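Need a 3D model of the following:
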Amino acid sequence: MPFSARLLGNLLLVALLTACRPNVQELVQQPQVGDVYVVQFQPAGRPEPRFFLYQVKNVRPDAVDLVAARQESAEAEVDTSQPGFFSDKVLTYTRAEALELLQEQPNDSQHTKLVEVKRQ
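Predicted structure coming up:
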């Protein structure tokens with residue numbers, strides 16, 4: 001198979017897989033217990049962004065309960081399966097408030113925004 005045909009085939013496969021995968025907004029609109037929300041922020045005086053992770057603990061028709069990681073991370077890809085990774089304190093967000101996490105809020109000096117949802 002010529003190189004150009006192979007390349008075209010690979011590009012089509014990537015496009016198909018991307019089109020079939022739900023986007024972040026769709027995943028927030030349809031939360032599932034165990035989802036991990038990756039929130040990016042920019043601490044003052046640091047050149048690189050940091051990340052804070054939240055796990056969905058409970059889903060109700062009007063709200064979602066999240067538990068936060070015990071500490072921030074320098075990377076979005078973190079092993080969250082470690083015992084004690086998430087705190088026990090539950091944070092409840094209405095569905096509308098959860099969607100607001102997708103947008104940086106006015107006057108937010110840390111530019112906080114939900115950038116990824118990890119679903120097993």
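
And residue 83, how close does it get to residue 70?
Noted for residue 83: a distance of 11 Å to residue 70, by CB to CB, to the nearest Å. (C-beta placed from N, C-alpha, C; glycine too.)

the more surrounded of those two?
In this comparison of residue 83 against residue 70, neighbours counted by other CB atoms under 10 Å, the higher total goes to residue 70 at 12 against 5.

how near is that one to residue 23?
Plainly put, residue 70 is 29 Å away from residue 23 if you go by CB to CB.

now the helices for the protein?
With DSSP state H as the criterion, the chain has helices at 3-20, 24-29, 95-100.

Quick one, grab the pLDDT at residue 35.
Looking at residue 35, its pLDDT is 97.

Distance-wise, check it relative to residue 92.
The spacing between residue 35 and residue 92, counted by CB to CB, is 15 Å.

Tell me which of these two has more neighbours.
residue 35 (20 against 14).

who touches the closest residue to residue 101 other than its chain neighbours in this structure?
Sequence neighbours aside, residue 114 is the residue nearest to residue 101 in space, at 4.0 Å (criterion: CB to CB, 6 or more residues apart in numbering). Residues in contact with residue 114, defined by CB atoms under 8 Å, 6 or more residues apart in numbering, are 24, 28, 37-40, 101-102.

Swap in 6 Å and give it another go.
Residue 114 makes contact with 37, 39, 101-102 under the criterion CB atoms under 6 Å, 6 or more residues apart in numbering.

What mean pLDDT does stretch 88-104 get?
Predicted confidence along stretch 88-104 averages 95 (mean pLDDT).
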